[in-house]
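*Asks:* sequence and predicted model, in that order:
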Amino acid sequence: MSNFTRGEFLKLATVLGAGAAASGCEGQLAGGAGGVEGSAPDLVLVNGRVYTVDDQVPRAEAFAVKGGRFLAVGTTDDVQAMAVRGTTVIDAEGMTVVPGFIDAHCHPSGVRDLYDVNLEQAKTIRDIKEALSRKAAETQPNYWVNGFMYDDTKITDESGQYRRVNRFDLDEAVPNHPVQISHRGGHIAWFNTKAFEMAGVRRDVADPPGGRFDRDANGELTGLVEERATRVFNGVGNRREITRADQQAGVRVISERMTASGLTSVHQTGGDTQSLLALQDAYHAGEMRFRMYFFPSGGSEAFAGMKAASIRTGFGDEWLRIGAVKYGADGSISGRTARMSQPYVGRPNDYGILTMTQQDINEAVEDARLHDFQIGIHANGDVTIDMCLTAYEQVLQRYPHPDPRYRLEHCTLINPDLVRRIAAIGAIPTPFWTYVYYHGEKWAEYGQERTRSMFAHRTFLDAGIRVPGASDYGPGPFQPLMAIQSMVTRKDWKGTVWGENQRVTVDEAIRIGTLHGAYASFEENLKGSITPGKLADFVILGEDPHDVDPDQIINIPVVRTVVGGRTMHPIEAV
């Protein structure tokens, strides 16, 4: 037992019924927080090393849960004394306990895992060819063969040299079906010759606004198509019909994977009517294991319908809530198409790609403000961040708001003036938190000096900005422990350090991934810390990230993930 006093640790709170903000419906697995009768807890955790992320009581040994919310936080003796017959007791046996992690920017659909070719484990171009060829053998004529999670800087050819796949590689593997393999960054893709022929794409094709067809030194199309140029393939050929049941199954699969990593809440940044319906179906079937803050895509039927029905940011309940409207204004960091003020290393005429004009951004922000929506705009490069801030500043001057929390999705490359402006209007940047570690081999194209101003968690914290954690999965891995290691060490998977000035402490990294994530969705009073009255979302870790070698944080096992007092991982414990 510790020497902490009862007065230092024990905080009891009667938890009143929170109720659902909208329908109040609850899935079988995802029980909501109802009214609490009496003080006897449903669950107590004892003998833990609890990091609460609550400044009033930062450390504890135990806590009690009632009706899906934390009831008390204190010493093992005090909390254990609250237990009655029927109370579930979790003995943490000295293990570390933290609030449930929150991923404030990701794309958690598991449908592609079920039906397309996942290339995440591919190591060579031969691996890719073989996987696509196998898929083609079971695919009907004129139907697409789709690969995803391709990472161009981690793949070698037959000689062991790292190089990008091209359309001729794809032609060898699949000559008679259209093929698309998408970069895990989500903004660029490679197509085979059959796909070009079916879409009418020829050697002299012009680059559309906001897009580009890559060519080799002889002017031949390589198969790489960037940003909005991929739209030429819309409606070409036949694609597998994704049913409502498929979509629901995808939510089940991805929520199992994410909660197994310690995530208890995620922000799906961009989605349509079908993806929202899939979430609702999984929720009501008891298959959605995480809490969801859902961003309708700007220009989608979902967003139009919400505006017509006077639905706004915040509508929903503590399991499924409507978030910001999402737009995308420039290219990808991992795909090296983000719009910057200085060119890419080795590409003196390449500054990246804009996918929205200043007028487009201005109109989107004003529309969001007039319909009471938070807005999140994908803005990687410093040029694009400046454009978004200009729009935010103008709209807020015209239509003041006391707490808009307008978001800059990714907000990768910053400078002191941009940081000052972000802080001045209370905007929320969501930089990638696993990218330094996972995508390190790509940063040479930005240069060591520029990475000192990228994924700038330290700079944002020092400016008083509550920066959340964000993976952008699938472009980035979603595992929070990889993220903590990445932010603490600023080392990539090969051990190279990128932007050491942006390192944060373990405590800061945990706060970024918990309480700051809740703040990004206006839910800091509902979750994000182990505090009486808040939702009982927590994670038990096999080791303490404060104590292990920082380069080994990624290997800490997630022993248990609990959402609303219900164990979601391991599955057999549910």
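*Replies:* Perfect, I can see it now.

*Asks:* when you work out contacts or count neighbours from here on, use the C-alpha atoms and nothing else.
*Replies:* OK.

*Asks:* quick one: terminal-to-terminal distance for stretch 187-196?
*Replies:* End-to-end distance for stretch 187-196, by CA to CA, to the nearest Å: 18 Å.

*Asks:* gap between that stretch and the chain center?
*Replies:* 26 Å (CA atoms, centre = their mean, to the nearest Å).

*Asks:* try stretch 258-275
*Replies:* Offset of stretch 258-275 from its chain centre (CA atoms, centre = their mean): 7 Å.

*Asks:* buried stuff in that stretch?
*Replies:* For stretch 258-275, burial by neighbour count (16 or more other CA atoms under 10 Å) applies to 258-272, 274-275.

*Asks:* mind listing which of these are in strands?
*Replies:* Among the buried residues of stretch 258-275, the members falling in strands (DSSP state E) are L263, T264, S265, V266, H267, Q268, T269.

*Asks:* now the phi/psi pair for the most centrally placed residue in the chain, please.
*Replies:* By CA atoms, centre = their mean, the chain has its centre lying nearest to C106, at 2.5 Å. According to degrees, to the nearest 10, the main-chain angles of C106 amount to phi -160, psi 170.

*Asks:* any idea what it is bridged to?
*Replies:* C106 forms beta bridges with Q268, as assigned by DSSP bridges.

*Asks:* about what we covered before: can the ones in strands among the buried residues of stretch 258-275 go into TSV with extra columns for pLDDT?
*Replies:* Listed next are those as TSV, based on pLDDT from 0 to 100:
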residue	pLDDT
L263	98
T264	98
S265	98
V266	98
H267	98
Q268	98
T269	97
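
*Asks:* need those in a markdown table (columns: distance to V559).
*Replies:* Output for those, formatted as a markdown table (distance: CA to CA, whole Å):
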| residue | distance to V559 |
| --- | --- |
| L263 | 12 |
| T264 | 14 |
| S265 | 17 |
| V266 | 20 |
| H267 | 23 |
| Q268 | 25 |
| T269 | 28 |
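
*Asks:* so which of the residues you listed is the closest to E543?
*Replies:* In terms of CA to CA, no member of these lies closer to E543 than L263, at 16.9 Å.

*Asks:* give me every residue that touches that closest one.
*Replies:* L263 is in contact with G100, F101, I102, D103, F290, Q479, P480, T561, counting by CA atoms under 8 Å, 6 or more residues apart in numbering.

*Asks:* confirm the third one sits in a strand?
*Replies:* When you say that, I think you mean I102. Yes: under DSSP: H, G, I helix; E, B strand; the rest coil, I102 falls within a strand.

*Asks:* hang on, it packs against V266?
*Replies:* Yes: I102 lies in contact with V266 (CA atoms under 8 Å); the separation is 5.6 Å.

*Asks:* quick one, helices of the stretch 301-450 of the chain?
*Replies:* 301-308, 358-370, 382-398, 416-425, 435-438, 448-451 (DSSP state H, counting those that start in this stretch).

*Asks:* winner for burial among those helices?
*Replies:* With neighbours taken as mean count of other CA atoms under 10 Å, these reach their highest mean count in helix 435-438, at a mean of 25.

*Asks:* make CSV from the contacts of L263 and add pLDDT, neighbour count and distance to H439 to it.
*Replies:* Listed next are those as CSV, based on pLDDT from 0 to 100; neighbours: other CA atoms under 10 Å; distance: CA to CA, whole Å:
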residue, pLDDT, neighbour count, distance to H439
G100, 98, 29, 25
F101, 99, 31, 22
I102, 99, 31, 21
D103, 98, 30, 18
F290, 98, 29, 26
Q479, 98, 22, 14
P480, 98, 26, 16
T561, 98, 30, 27
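
*Asks:* would you map out the domains in the protein?
*Replies:* 1-100+528-574, 113-233 (automatic domain parsing).

*Asks:* dump those into CSV; add distance to A463 as well.
*Replies:* Shown next, in CSV, are those (distance: least, CA to CA, whole Å):
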stretch, distance to A463
domain 1-100+528-574, 19
domain 113-233, 29
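
*Asks:* weakest of those domains in terms of mean pLDDT?
*Replies:* Per-stretch mean pLDDT for these is lowest at domain 1-100+528-574 (a mean of 80).

*Asks:* ok now that one, how far from the chain's centre?
*Replies:* Remark: domain 1-100+528-574 is offset 24 Å from the chain centroid, using CA atoms, centre = their mean.

*Asks:* and what of stretch 169-185?
*Replies:* Counting by CA atoms, centre = their mean, stretch 169-185 is centred 27 Å from the centre of its parent chain.

*Asks:* follow-up on the earlier one: closest one to I377 among the domains of the chain?
*Replies:* Between the domains of the chain, domain 113-233 lies closest to I377; by CA to CA that is 14.9 Å.

*Asks:* picking that back up, from the contacts of L263, pick the one nearest V44.
*Replies:* Nearest to V44 among the contacts of L263: T561, at 14.5 Å, using CA to CA.

*Asks:* R49 versus that closest one, what's the distance?
*Replies:* Counting by CA to CA, the separation of T561 from R49 is 15 Å.

*Asks:* can I get the contacts of L263 in TSV with distance to V345?
*Replies:* Formatted as TSV, these follow (distance: CA to CA, whole Å):
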residue	distance to V345
G100	39
F101	35
I102	34
D103	31
F290	40
Q479	30
P480	30
T561	42
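
*Asks:* of those, which is the nearest to P570?
*Replies:* Using CA to CA, those come closest to P570 at T561, 7.3 Å.

*Asks:* show me what contacts D116?
*Replies:* Per CA under 8 Å, 6+ apart, neighbours of D116: V145, N146, G147, F148.
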